[in-house]
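# Sequence and predicted structure are below.
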Amino acid sequence: MNIMVEPKNLVKAPAAGGKTRMTPSEAFVETLLAQGVKDTFGIVGSAYMDAHDLFPLAGIRFVSVAHEQNAAHMADGYSRVTGKHGVCIAQNGPGITNFVTAIAAAYWAHSPVVAITPESGSLTMGLGGFQETEQMPIFSKITKWQVHVNSPLRMAELTSRAFDIAMNERGPVQVNVPRDYFYGEGDFDIPQPQRVERAAGGPDTLDAAARMLAKAKFPVILSGGGVVMANGVKECIALAEYLTAPVVNSYLHNDSFPASHPLCCGPLGYQGSKAAMKLIARADVVLALGSRLGPFGTLPQHGLDYWPKDAKIIQVDSDMRMLGLVKKISVGICGDARLAAVELLERLKAQGRLTANKQRIAQVKAEKEAWKEELATWPSPNEKGRVGPRQALAALARAMPKNAMVSTDIGNVCSVANSYLHFEMAPSFLAAMSFGNCGYSYPAAIGAKVGRPDRPAIAYVGDGAWGMSLNEVLTCVRENIPAIAVVFNNGQWGAEKKNQIDYFEKRYLGTNLKNPNFADVAEAMGANGITVDHVDEIGDALRGAVRSNKPTVINMMLTQELGDPFRRDAFRQPRRLLQKYRKYSAKEFR
Ligand SMILES: Cc1ncc(C[n+]2csc(CCOP(=O)(O)OP(=O)(O)O)c2C)c(N)n1
Ligand SMILES: [Mg+2]
């Protein structure tokens, strides 16, 4: 393994050649600095106040939030747009258990989030005192690494190691610190960051892949999240152009290839692009670049079972455990998506020049135009004072600034947005990814805005999910973070209502919502609030919100129209055996 020290992240060594006397709190804060931390997210707590107190003098911002789950989502969004760690910290016990959902989300988004989890004091742990719980087992399945700081004297060493692993393995880590271990003094070395130098993959598999691609009749590239994380879009473009290979975005990675490129076909998966599905269905060789080929991302969609079962699949993933895990593959390359693309292109060029395949470019163009036209004909009628969701999504897409960072939540309208969201640069798209928790998008956008204040940060949120998130408007106002929320106000937990429509004869148990005017609520919290109830107002509302550079909530009044459901794959018609429940059986079982 090659270890590289990143000189730009270095702080001045505390003392030439030796250790420096300091408190564990100071060692902790100096370690954050050595790892390049500038921003943290959390809620203040006595358990770590001795270290927290030093943040301003160290030049570390503490973004004080409304709920710890959102602090961890913010850290996630921050890390996804900056490529740096996202750091969250909270009070032992309840503050830490509040992190759980968001750390699980970060795990599936491959975000290098560092959760600092102060714990009950070492001398009382186990006695059932105040705010006590075992904090390690809770995170054991949703972190890449966990460490319990077992001596105050190891504070810097173990914290630093956690930061290294988060970045090198791309995922959340936990640093668990008994609260009394912030106190005392000792002689500390502040370790410098160690980043593993990434590599393209093994030469044999790269050779085999290049041979396979050179011979392909209809090669297709599936550009995944790994391409975005490796900053490899440019290299992916070069490879695609050389092969004249159509490029599909993997599910919820619509920013992994520029939408306007003549070879870009759009995203696969739920509410994805029919053009992408039809083109990948024709492939004899698929290069899955930087993708774990997650099972949800390739489910049949729009009635198309498009995965090319007879095609040869080349998979590139930096985590060898992902190779061949979900889909059968012919070649698995354990490597960095960007570097693998470079190496594959070099090998292809060495095998002789391929000529541009004009016919394939024309095929992509034709499929893309057909899909665009078809999508435009899908009805989404407006009603008085309410906009059809597809019309709203199309209007938002038209008004979207080119450099916007957009996060989406889990819900029907947010999912339908997948058909409408196009990006020219990466990273730009922060979807809730495979953990699929409602309440992800707004805090993720807030974190993204903290990390990249120069770019607009826009969250798409359903009104149900908004109930989980709107407390963070307080954070945006307090901390002066001009993130924008577009709340799809359809008066329902729509995605779940769709299942009740399809399978439960419209028995709407728990799916109707009664909302206040969310624009008024936002105003009362000190943010800008705008209600939009006509499609013609949408563009101006979004552009105005971006221009205002103030925290803004756009309360978008939508009809109750719903798109295809999430999980048709997992439902059966209901069957009840007991007489008292029989009338709730599907007709065929009554
Ligand atoms: C934390 C969490 N709770 C519950 C669910 C189940 N769920 C999935 S979509 C959905 C409805 C979302 O409703 P809303 O946010 O209003 O968006 P809409 O579907 O109406 O567009 C629910 C409850 C979930 N995914 N995450
Ligand atoms: Mg809703």
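That came through, no problem. Ligands and ions are numbered 1, 2, ... in the order given.
# Which parts of the stretch 451-590 of the chain are strands?
Secondary structure of the stretch 451-590 of the chain (DSSP state E, counting those that start in this stretch): strands at 457-462, 484-489, 528-532, 552-557.
# which stretch among those strands comes nearest ligand 1?
strand 457-462 (2.1 Å; Cβ to the nearest ligand atom). For every residue, glycine as well, the C-beta is placed using N, CA and C.
# got the angle between the closest one and strand 484-489?
Using axes from the mean of the first three to the mean of the last three Cα atoms, to 10 degrees, the inter-axis angle of strand 457-462 relative to strand 484-489 is 10 degrees.
# So what touches strand 457-462?
With contacts defined as Cβ atoms under 8 Å, 6 or more residues apart in numbering, strand 457-462 is touched by 77, 396, 400, 404-414, 417, 438, 441-442, 444-446, 448-449, 469, 482-488, 490, 493-495, 542, 546.
# Next, the angle from it to strand 552-557.
Using the same axes, to 10 degrees, strand 457-462 lies at 30 degrees relative to strand 552-557.
# which ones are touching Leu354?
Applying Cβ under 8 Å, 6+ apart, we find Leu354 in contact with 214, 242-244, 348.
# Tell me the spacing between it and Thr244.
In this view, Leu354 and Thr244 are 8 Å apart by Cβ to Cβ, to the nearest Å.
# Check Lys217 too.
Lys217 sits 12 Å away from Thr244 when distances are taken as Cβ to Cβ.
# okay, the two: which has more neighbours?
Under the neighbour definition other Cβ atoms under 10 Å, Lys217 and Thr244 were set side by side, and Thr244 has more, 19 against 8.
# I'd guessed the more buried one sits against Arg360; true?
Yes. Counting by Cβ atoms under 8 Å, Thr244 touches Arg360, with 4.9 Å between them.
# before we move on, back to that, compare the strands of the stretch 451-590 of the chain and report which one is nearest to Phe566.
Among these, strand 457-462 comes nearest to Phe566, with 12.6 Å by Cβ to Cβ.
# in its sheet, what does the closest one sit against?
As defined by DSSP bridges, the strand partners of strand 457-462 come to strand 405-408 (parallel), strand 484-489 (parallel).
# Output the ones you listed as JSON lines; include the columns distance to Phe589.
As requested, the strands paired with strand 457-462 are exported to JSON lines (distance: least, Cβ to Cβ, whole Å):
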{"stretch": "strand 405-408", "distance to Phe589": "37"}
{"stretch": "strand 484-489", "distance to Phe589": "35"}
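# Present those strands as CSV; the columns should include mean neighbour count.
Below are those laid out as CSV (neighbours: other Cβ atoms under 10 Å):
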stretch, mean neighbour count
strand 405-408, 28
strand 484-489, 30
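# Include mean pLDDT when you put the ones you listed into a markdown table, please.
Putting those into a markdown table (pLDDT from 0 to 100) gives the following:
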| stretch | mean pLDDT |
| --- | --- |
| strand 405-408 | 98 |
| strand 484-489 | 98 |
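# now those as TSV including distance to ligand 1?
What follows is those, written out as TSV (distance: least, Cβ to the nearest ligand atom, whole Å):
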stretch	distance to ligand 1
strand 405-408	10
strand 484-489	5
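# Ligand 2 is nearest to which of these?
Of all these, strand 484-489 sits nearest to ligand 2, with 5.9 Å by Cβ to the ion.
# Give the burial count for the closest residue to Leu243 other than its chain neighbours, as a bare number.
Counting by Cβ to Cβ, 6 or more residues apart in numbering, Leu243 lies nearest to Pro219, which is 5.2 Å off, once chain neighbours are set aside. The number of residues packed near Pro219 is 25, by other Cβ under 10 Å.
# So Pro219 versus ligand 2, what's the distance?
41 Å (Cβ to the ion, to the nearest Å).
# Which strand residues bridge that residue?
Val285.
# From here on, call the first residue 449.
With 449 as the first residue, the last one maps to Pro667.
# Surely it is in contact with Ala736?
No. Pro667 is beyond contact range of Ala736, at 11.7 Å (criterion: Cβ under 8 Å).
# What ranges in the protein fall below the confidence cut-off?
Scanning the chain for pLDDT under 70 picks out 449-465.
# Ligand 2 contacts on that one?
Within the chain, the residues that sit near ligand 2 (Cβ under 5 Å from the ion) are 910-912, 938, 940, 942.
# Name the member of the residues you listed with the most neighbours.
Neighbour max across the residues of the chain next to ligand 2 (other Cβ under 10 Å) = Gly910, 30 neighbours.
# Mind listing the residues bridging to that residue?
In beta-bridge terms (that is, DSSP bridges), Gly910 pairs with Phe936.
# What residue, apart from its backbone neighbours, is nearest Glu831 spatially?
Thr1007 is the one closest to Glu831 (Cβ to Cβ, 6+ apart), at 5.2 Å.
# Repeat that for Asp988.
That would be Ala847: by Cβ to Cβ, 6+ apart, it lies 7.9 Å from Asp988.
# Mind putting the strands of the stretch 899-1038 of the chain into JSON lines with distance to Ala759?
Output for those, formatted as JSON lines (distance: least, Cβ to Cβ, whole Å):
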{"stretch": "strand 905-910", "distance to Ala759": "33"}
{"stretch": "strand 932-937", "distance to Ala759": "37"}
{"stretch": "strand 976-980", "distance to Ala759": "44"}
{"stretch": "strand 1000-1005", "distance to Ala759": "41"}
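# Could you count how many residues lie near Ile929?
For Ile929, using other Cβ under 10 Å, the count is 21.
# who's in contact with the closest residue to ligand 1 within the stretch 699-848 of the chain?
Using Cβ to the nearest ligand atom, the closest approach of the stretch 699-848 of the chain to ligand 1 is made by Pro837 at 7.6 Å. Pro837 makes contact with 828, 860-861, 864, 936, 938, 1006-1007, 1009, 1011, according to Cβ under 8 Å, 6+ apart.
# May I have the longest helix along the chain exported as CSV, CA atoms only?
Using DSSP state H to define each element, the chain has its longest helix at helix 806-825. Output of helix 806-825 as CSV, limited to C-alpha atoms (Å, rounded to 0.1, in the frame of the first residue of the first chain):
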residue,chain,number,x,y,z
LYS,A,806,-21.5,8.2,-36.2
GLN,A,807,-24.4,5.8,-36.3
ARG,A,808,-24.2,5.3,-32.6
ILE,A,809,-24.2,9.0,-31.9
ALA,A,810,-27.3,9.3,-34.1
GLN,A,811,-28.9,6.4,-32.2
VAL,A,812,-28.3,8.2,-28.9
LYS,A,813,-29.7,11.4,-30.3
ALA,A,814,-32.8,9.7,-31.6
GLU,A,815,-33.5,7.9,-28.4
LYS,A,816,-32.9,11.0,-26.3
GLU,A,817,-35.2,13.1,-28.5
ALA,A,818,-37.9,10.4,-28.4
TRP,A,819,-37.8,10.2,-24.6
LYS,A,820,-37.8,14.0,-24.3
GLU,A,821,-40.9,14.2,-26.5
GLU,A,822,-42.6,11.4,-24.7
LEU,A,823,-42.0,12.8,-21.3
ALA,A,824,-43.4,16.2,-22.5
THR,A,825,-46.7,14.4,-23.4
